[in-house]
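Trainee: any chance you can model this:
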Amino acid sequence: MYSPGIEALLSRARQLNKEPLTPEHIERIRQNATVIALPLDVAEKTIQDRGYQ
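Mentor: Numbering: from 1, shown residues only. Next up is the predicted model:
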């Protein structure tokens, strides 16, 4: 799971970039983002809490 959430990271990058992100930008952000391993139930609850589902 991304921490902070990938949507938050991409949203902030869009604000800073002031134009749509290219697929290369998105991939670079994903590759450099912090990811943590969580038990499945915790990950599912976190996704719900973040409003992604």
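
Trainee: can you report how many residues lie near residue 52?
Mentor: Neighbours of residue 52 under the rule other C-beta atoms under 10 Å: 10. From N, CA and C alone the C-beta is placed, and that goes for glycine too.

Trainee: sec struct for it, please.
Mentor: Of the three states, residue 52 takes coil under DSSP: H, G, I helix; E, B strand; the rest coil.

Trainee: identify the residues contacting it.
Mentor: Residue 52 is in contact with 5, 7, counting by C-beta atoms under 8 Å, 6 or more residues apart in numbering.

Trainee: next one: it from residue 17, what distance?
Mentor: Distance, residue 52 to residue 17, by C-beta to C-beta, to the nearest Å: 22 Å.

Trainee: then residue 41?
Mentor: Counting by C-beta to C-beta, the gap from residue 41 to residue 17 is 35 Å.

Trainee: between the two, tell me which one has more neighbours.
Mentor: Shown here are residue 41 and residue 17; by other C-beta under 10 Å, residue 17 has more neighbours (11 against 8).

Trainee: which residues does that one contact?
Mentor: residue 25.

Trainee: kindly report the same for residue 30.
Mentor: Contacts of residue 30 by C-beta under 8 Å, 6+ apart are residue 6.

Trainee: tell me the SS of it?
Mentor: Assignment for residue 30 (three-state DSSP): helix.

Trainee: in terms of pLDDT, where does it sit?
Mentor: As predicted, residue 30 sits at a pLDDT of 96.

Trainee: distance of it from residue 39?
Mentor: Distance from residue 30 to residue 39, by C-beta to C-beta: 22 Å.

Trainee: with residue 46 instead?
Mentor: 10 Å.

Trainee: repeat for residue 6
Mentor: On the measure of C-beta to C-beta, residue 6 and residue 39 end up 19 Å apart.
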